[in-house]
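Q: My questions are about this predicted structure, shown below with the sequence.
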Amino acid sequence: MSWLIDTDVISQPAKKRGEPQVIAWLETHMQDCYTSTVVIAQLAYWVRTREGRQRSLLQAWLTRLQDALEGRVLAFNSTTAHVWAEQKQLMKQRGHSMPVEDSYIAATARRHGLTIVTGNDKDFRHCGVKVFNPFKEVD
């Protein structure tokens, strides 16, 4: 199985009190993991909200992460945009909505047939993608 890792999961190793179960899951499955340019943007913003030494350490971590994911960071492109539009319409018809950044991540996962790995499973369960929560579930 291949996975699309959301921000809350992929950031665990960089946190002072990262969740050990999630970090262990990442270490075990990293070769089968992808992420989205939207997740990279969220991480880059997170780094920029810090200052001093913490910011430098997080920037170095983000650089290492991007190097480790070489070729596995999926862009939100025009093909994915059409998947997103279909997904948004279906969700609207069903009376559901989600934050726009999450909807871009979900469309990327749908486009590539990936399971989203997130602790925010409630927002993703209504958009037609498979979801795995490593904070709650054991793979």
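A: Arrived safely, thanks for sending.

Q: what ranges do the helices span in this protein?
A: Assigned by DSSP state H, the chain shows helices spanning 7-10, 20-29, 37-48, 52-68, 78-93, 100-112, 121-124.

Q: Could you pull up the mean pLDDT of stretch 11-23?
A: Here stretch 11-23 scores 96 as its mean pLDDT.

Q: Ends of that stretch, what's the gap?
A: 9 Å (C-alpha to C-alpha, to the nearest Å).

Q: what comes up buried for it?
A: When burial is assessed from 16 or more other C-beta atoms under 10 Å, stretch 11-23 yields the following buried residues: S11, Q12, A14, E19, V22, I23. C-beta here means a position set from N, CA and C on the backbone, and glycine is covered the same way.

Q: ok now that stretch, how far from the chain's centre?
A: Chain-centre distance of stretch 11-23: 15 Å, with C-alpha atoms, centre = their mean, to the nearest Å.

Q: and if you look at stretch 31-51?
A: That offset, for stretch 31-51, works out to 8 Å (C-alpha atoms, centre = their mean).

Q: Any idea which helix or strand in this protein has the lowest mean pLDDT?
A: Least confident helix or strand, the chain: helix 121-124 with a mean of 88, by mean pLDDT, DSSP states H and E.

Q: helices and strands around that one, which ones?
A: On a contact count with 3 or more C-beta pairs under 8 Å, 6 or more residues apart in numbering; DSSP states H and E, helix 121-124 meets helix 100-112, strand 131-132.
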